[in-house]
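# Dropping the sequence and predicted coords here.
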Amino acid sequence: MGKSELGNNIRRLRFDNGEMTQQKLADIAGVTRQTIIAVEQGKYTPSLTLAFKISAAFGLKVEDVFIFGR
Amino acid sequence: MNNTQKGSWIMLAMAVFTLAVTVYIAFGIFSTGQIPQNNWIFPLFCICFIAVPFFLIRKKQSSQEVQKDERDMNIQRNAATVSFFSVWALLFAFVFAAMCAFGNDGAVPLYWLPLGVISAMLISFIIYTIAILVQYREN
């Protein structure tokens, strides 16, 4: 599995949300911190369910967090 | 390092250790015709297998922390697929090598069969753990 075609704003959104830690986001999304790191770095493409959970953690729509083709 | 990674490192070490012992015993059988008598192998085996669960104990960073998620399961599924095909490839290689070495009318000792199967299983287990570790490194 190479670099994902899916870009994201997770890092920026975490800092915009009171410097939310990766662990805190992982707990809300129900995944491990390593998965959040991998998604944030674009190394892992999350499932649709996980993408929705991450977006919901920031109170945003999926398309506001994830960008296709970046 | 999460539990799956940690477990893979430990399983890799155990599998390599077991394979080394198997090779040692097989070499003893081939050279002397009997199983080598060593008092240290069995206690060492027991210590290793009893000690393994203690290495897997890890303090949670938060009460809601998840131990395993979709990425871990994807990685394990891919590793299992690689391992499954490697068992067949290894068994095919073992049978083909024996056929080439001894010919159509040749014969192999019967204990070669379980040894071949055990070795193939152990090697495929090693491949499984390596596949997990490689995937964690790459993504």
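On my side now, so go ahead.
# So which residues on chain B come close to chain A?
Counting by C-beta under 8 Å from any C-beta of the partner chain, the residues of chain B lying close to chain A are B:2, B:61-62, B:64-72, B:135-136, B:138-139. (C-beta placed from N, C-alpha, C; glycine too.)
# ok, 10 Å please
B:1-5, B:61-72, B:74-75, B:78, B:135-136, B:138-139 (C-beta under 10 Å from any C-beta of the partner chain).
# Give me the buried positions along whichever strand or helix holds A:Ala38.
Using DSSP states H and E, A:Ala38 sits in helix A:33-40. Buried positions in helix A:33-40, judged by neighbour count with 16 or more other C-beta atoms under 10 Å in any protein chain shown: A:33-36, A:38-40.
# show me where pLDDT drops low in chain A?
Low-confidence segments of chain A (pLDDT under 70): A:1-4, A:70.
# what ranges do the strands span in it?
A:6-8, A:66-68 (DSSP state E).
# helices and strands around the first one, which ones?
The one in question is strand A:6-8. helix A:33-40, helix A:48-58, strand A:66-68 (3 or more C-beta pairs under 10 Å, 6 or more residues apart in numbering or on different chains; DSSP states H and E).
# what residues does the helix or strand bottoming out on mean pLDDT in chain B touch?
Lowest by mean pLDDT, DSSP states H and E among the helices and strands of chain B is helix B:41-55, with a mean of 73. Residues from elsewhere that reach helix B:41-55 (C-beta atoms under 10 Å, 6 or more residues apart in numbering or on different chains): B:6-7, B:9-11, B:13-14, B:17-18, B:21, B:24-25, B:38.
# Which residue, other than its chain neighbours, is closest to B:Lys68?
Excluding the flanking residues, the one nearest B:Lys68 by C-beta to C-beta, 6 or more residues apart in numbering or on different chains is B:Thr4, at 6.4 Å.
# Just to check, that neighbour is in contact with B:Asn74?
No: using C-beta atoms under 10 Å, B:Thr4 is not in contact with B:Asn74, being 11.1 Å away.
# ok, the two, which is more surrounded?
Per other C-beta atoms under 10 Å in any protein chain shown, whichever of B:Thr4 and B:Asn74 has more neighbours is B:Thr4, with 21 against 15.
# Specify the angle between the host helix or strand of that one and helix B:41-55 in degrees.
Counting by DSSP H and E, the element that carries B:Thr4 is helix B:3-32. Taking axes from the mean of the first three to the mean of the last three C-alpha atoms, to 10 degrees, one finds helix B:3-32 and helix B:41-55 inclined to each other by 170 degrees.
# helices and strands around helix B:3-32, which ones?
By 3+ C-beta pairs under 10 Å, 6+ apart, helix B:3-32 packs against helix B:41-55, helix B:70-102, helix B:112-138.
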